[in-house]
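> below are the sequence and a predicted model; questions follow.
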Amino acid sequence: MYDAGKIVLGIGIFLVLVLVPFLYNWSTPAAVTAPELKLPTTSTQCVEATDYMRVSHMDLLNQWRDIVVREGRREYVSRLSGKTFDMSLSRTCLDCHSNKAEFCDACHNYLAVKPFCWDCHVEPKKEGA
Amino acid sequence: MDGSRRGFLWLAGLTALGAAGAASLKALAQHAEGPSVTVGLQGETRWAMVVDLDKFRLHKSWNRCIVACHRVHNVPSIPIKDDEIKWIWTEEFEKAFPSEEHEYVADRYRQLPVPVLCNHCNNPPCTRVCPTQATWKRASDGIVMMDWHRCIGCRYCIVACPYGSRSFNWRDPRPYIEGGAHRDFPTRMRGVVEKCTFCEERLAKGLKPACVEACEHGELVFGNLEDPDSEVRQLLREHFTIRRKANLGTQPEVYYIV
């Protein structure tokens, strides 16, 4: 075989480059564990069932946004409990989930999604700052 | 028709023409019945404001209503003139009412600051030009609304508004909010247009607009034009009022007692 040394070296470099992400993930196990959310202590039940909220909270928030801004209605009746809630992200949601960093951000960072809610809506910790 | 090829083609052509003609006639008729361009509202509510300039002159309370509004709505105080954000502010008389100004206008008006804000026009030019429907006249009460989620910052509305009522966020407003942002009202982000909304979020709770509440001597009066017994209608009955640039046909809903 001609240039065996160079070829073997090349294959070696190629393999290292391809495997870098896997090696990186192995070496930092914390990055791949699912986040543990800090649930609010003030209430035991969200506006809708937990499973629904986990999967579809963004859809619910979009619905709330459109109904409040475009239609001018502000009251939401829960399908779960029948209770009425004010459709407000910065009040209804964040009054319970007051720690955005440990609730919203924990999951969003894990999934690398960047919702733009907080460009305008003010989280409790940023109030007065 | 004797079943010849020529006869058949004639018949087919005429039928096609007739069908197409009927369809286009129908479409034309529908178009004529479509959304009318009349400027009146069918609703039972049409919010309006009456500004009493003499009361403002007496109590010198311009600033109080401006501060109240800007605090409630997280409006930033940006010191750079080109970038400033204004929901309600004061303008010199001759700038607020360019067509009423003349060389011999009474001295007490010449220097008088006139509080100005979005006029919530009954025939708003700003809403027509918005490509995303981020601003629209609400059918239920005539408020010219803003949806900051939808605004793409094209600023057509700023050009269309003859009153300068709209401001553009050239920079992130948050660092300029005096006392910091509070979470009862969202801030805006860089790249969107904003303006007075007649405090629609307060009206929904049964409160008066913040500026009206702050001016305790009745300098600003807010109410429903469609209700003949409302305070605004009474004031309009009793006083001579002018509106800003009413000759443009925008039908502004902020009236000034001079």
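On my side now, so go ahead. Quick caveat: nothing in here was measured; it's all calculated off a predicted structure.
> assess the claim that residue B:186 and residue B:74 are in contact.
Yes - the pair residue B:186 and residue B:74 passes the contact test of CB atoms under 8 Å, sitting 7.2 Å apart. All C-beta atoms are positioned from the backbone trio N, CA, C, and that covers glycine.
> give me the more crowded residue out of the two.
A side-by-side neighbour count of residue B:186 and residue B:74, using other CB atoms under 10 Å in any protein chain shown, places residue B:74 first with 24 against 20.
> contacts only, for residue 70.
Unless you meant another one, I'm taking chain A. For residue A:70, the contact set (CB atoms under 8 Å, 6 or more residues apart in numbering or on different chains) comprises residue B:147.
> try chain B instead
B:77, B:87, B:88, B:178.
> out of the residues you listed, which two sit at the greatest distance?
Maximum pairwise distance among the contacts of residue B:70 (CB to CB): 15.3 Å, between B:88 and B:178.
> of the two, which one has the most company?
The neighbour comparison of residue B:88 against residue B:178 (other CB under 10 Å) goes to residue B:88, with 24 against 12.
> the residue lying closest to residue B:175 once chain neighbours are set aside: neighbour count?
Of all residues not flanking residue B:175 in the chain, residue B:76 sits nearest, at 7.8 Å (CB to CB, 6 or more residues apart in numbering or on different chains). Applying other CB under 10 Å, we find 23 residues neighbouring residue B:76.
> go ahead and confirm residue B:76 touches residue B:179.
No - between residue B:76 and residue B:179 there is no contact under CB under 8 Å: 11.0 Å.
> mind listing the shared neighbours of residue B:186 and residue B:74?
By CB under 8 Å, 6+ apart, the residues touching both residue B:186 and residue B:74 are residue A:122.
> any idea which element the nearest residue to residue B:161 once chain neighbours are set aside lies in?
Distances taken as CB to CB, 6+ apart place residue B:126 nearest to residue B:161, at 4.8 Å, with adjacent residues excluded. Element membership for residue B:126 (DSSP states H and E) is helix B:125-129.
> in that helix, which residues are buried?
The neighbour-count check on helix B:125-129 (16 or more other CB atoms under 10 Å in any protein chain shown) flags B:125, B:126, B:127, B:129 as buried.
> was I right about residue B:217 contacting residue B:55?
Yes - between residue B:217 and residue B:55 there is a contact under CB under 8 Å: 5.6 Å.
> show the average pLDDT along the longest helix along chain B.
Longest helix in chain B by number of residues (criterion: DSSP state H): helix B:5-33. Mean per-residue pLDDT for helix B:5-33: 76.
> what of stretch B:208-217?
Rounded mean pLDDT across stretch B:208-217 is 94.
> and if you look at stretch B:153-172?
97.
> after the helix or strand containing residue B:95, which helix or strand is next?
Element membership of residue B:95 [criterion: DSSP H and E] is helix B:93-96. Using DSSP H and E, the helix or strand that follows helix B:93-96 towards the C-terminus is helix B:107-110.
> name the helices or strands packed onto that next one?
helix B:93-96 (3 or more CB pairs under 8 Å, 6 or more residues apart in numbering or on different chains; DSSP states H and E).
> need phi/psi at residue A:25.
Dihedral pair for residue A:25: phi -70, psi -40, per degrees, to the nearest 10.
> how close does it sit to residue A:33?
Distance, residue A:25 to residue A:33, using CB to CB, to the nearest Å: 11 Å.
> and the residue most central in space within chain A, what does it touch?
Of all residues in chain A, the one closest to the mean position by CA atoms, centre = their mean is residue A:108, 2.4 Å from it. With contact taken as CB under 8 Å, 6+ apart, residue A:108 is in contact with A:114, A:115.
> doesn't it belong to a helix?
Yes - secondary structure assignment places residue A:108 in a helix (DSSP: H, G, I helix; E, B strand; the rest coil).
> okay, it: pLDDT?
In this model, residue A:108 is scored at 94, pLDDT.
> quick one: it from chain B, how far?
18 Å (CB to the nearest CB, to the nearest Å).
> now do the domain split for chain A, please.
Following automatic domain parsing, chain A resolves into domains at A:1-33, A:50-126.
> just name the most buried of those domains.
domain A:50-126 (a mean of 15; mean count of other CB atoms under 10 Å in any protein chain shown).
> residue B:44 contacts residue B:230, correct?
No - taking contacts as CB under 8 Å, residue B:44 lies outside contact range of residue B:230: 11.6 Å.
> how about residues contacting the helix holding residue B:95?
Against helix B:93-96 from outside (CB under 8 Å, 6+ apart): B:100, B:101, B:105, B:109, B:110, B:111, B:112, B:114, B:116, B:244.
> how many neighbours does the fifth one have?
Neighbour count of residue B:110, defined by other CB under 10 Å: 12.
> how about it, what does it touch?
So residue B:110 contacts B:93, B:94 (CB under 8 Å, 6+ apart).
> ok, then the element right after the longest helix of chain B?
Counting by DSSP H and E, the next helix or strand C-terminal to helix B:5-33 is strand B:47-52.
> following that following strand, which helix or strand shows up next?
helix B:53-59.
> tell me which residues of that next one are tucked away?
Buried residues in helix B:53-59, counting neighbours by 16+ other CB under 10 Å, are found at B:53, B:55, B:56, B:57.
> and the residue nearest to residue B:161, how far from chain A?
For residue B:126, the distance to chain A (CB to the nearest CB) stands at 17 Å.
> who are the contact partners of that residue?
Contacts of residue B:126 by CB under 8 Å, 6+ apart are B:135, B:144, B:157, B:158, B:160, B:161, B:166.
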